[in-house]
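Asks: below is the structure, and that's it, no one-letter string:
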């Protein structure tokens with residue numbers, strides 16, 4: 001494979017891992033979340049968590065299980081490749097809904113993931129993620145409609161068409 005095709009493939013593999021993280025969070029899928037980190041990978045989410053990547057997945061899936069809904073969106077993904085190592089920055093918008101004192105509340109968190117990656121045994125995964133929180137808000141919301149057909153587990157329709 002040419003150098004250019006290898007670089008495109010490597011960038012896409014890393015981008016796919018970034019998107020898998022969002023899917024793992026939104027479906028509360030521990031195993032999928034574990035798959036984006038190397039076994040010795042670490043996470044630094046400032047005041048919320050610092051430690052092993054796998055432990056972070058357990059921590060945040062537990063936190064998210066108390067929420068009604070959540071959606072993680074990624075954008076502005078920049079990746080710098082250096083052989084079997086890479087660095088990336090990606091912007092994340094996390095929208096989370098909860099009930100507080102009988103009111104429907106929506107929290108929005110805007111942050112960036114500053115990641116270090118490596119390819120080991122042909123697989124790109126995280127060595128370290130630093131979450132840089134930039135803005136957040138919480139407000140009461142009025143939903144337009146009660147949506148159905150989605151779940152926060154492996155019975156979600158997406159698992160019928162995606163293997164991961």
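Replies: Alright, I've got the coordinates. Everything numeric in this text was worked out from a predicted model, so none of it was measured.
Asks: how far away is the residue lying farthest from the centre of the chain from residue 8?
Replies: Computed with CA atoms, centre = their mean, the maximum C-alpha offset from the centroid of the chain is found at residue 2, amounting to 30.6 Å. According to CB to CB, to the nearest Å, residue 2 stands 9 Å off from residue 8. C-beta: built from backbone N, CA, C; applies to glycine.
Asks: that older thread, distance check, the residue farthest from the centre of the chain against residue 9.
Replies: On the measure of CB to CB, residue 2 and residue 9 end up 10 Å apart.
Asks: same check, this time on residue 54
Replies: From residue 54 over to residue 9 (counting by CB to CB), the distance is 26 Å.
Asks: okay, the two: which has more neighbours?
Replies: residue 54 (20 against 12; other CB atoms under 10 Å).
Asks: so which strand or helix has that one?
Replies: Per DSSP states H and E, residue 54 falls inside helix 53-64.
Asks: would you mark the buried spots in that helix?
Replies: 53, 54, 56, 57, 59, 60, 61, 64 (16 or more other CB atoms under 10 Å).
Asks: nearest to residue 40 among those?
Replies: Distances from residue 40 to the buried residues of helix 53-64, taken as CB to CB, are shortest for residue 53 (8.4 Å).
Asks: ok, that closest one - contacts?
Replies: Each residue near residue 53 by CB atoms under 8 Å, 6 or more residues apart in numbering is listed here: 34, 36, 37, 38, 41, 42, 43, 126, 129.
Asks: what sits closest to it if chain neighbours are left out?
Replies: residue 37 (3.2 Å; CB to CB, 6 or more residues apart in numbering).
Asks: which strands or helices does the host helix or strand of residue 75 pack on?
Replies: Assessed by DSSP H and E, residue 75 sits inside strand 69-82. Strand 69-82 sits against helix 3-27, strand 85-100, with contacts defined as 3 or more CB pairs under 8 Å, 6 or more residues apart in numbering; DSSP states H and E.
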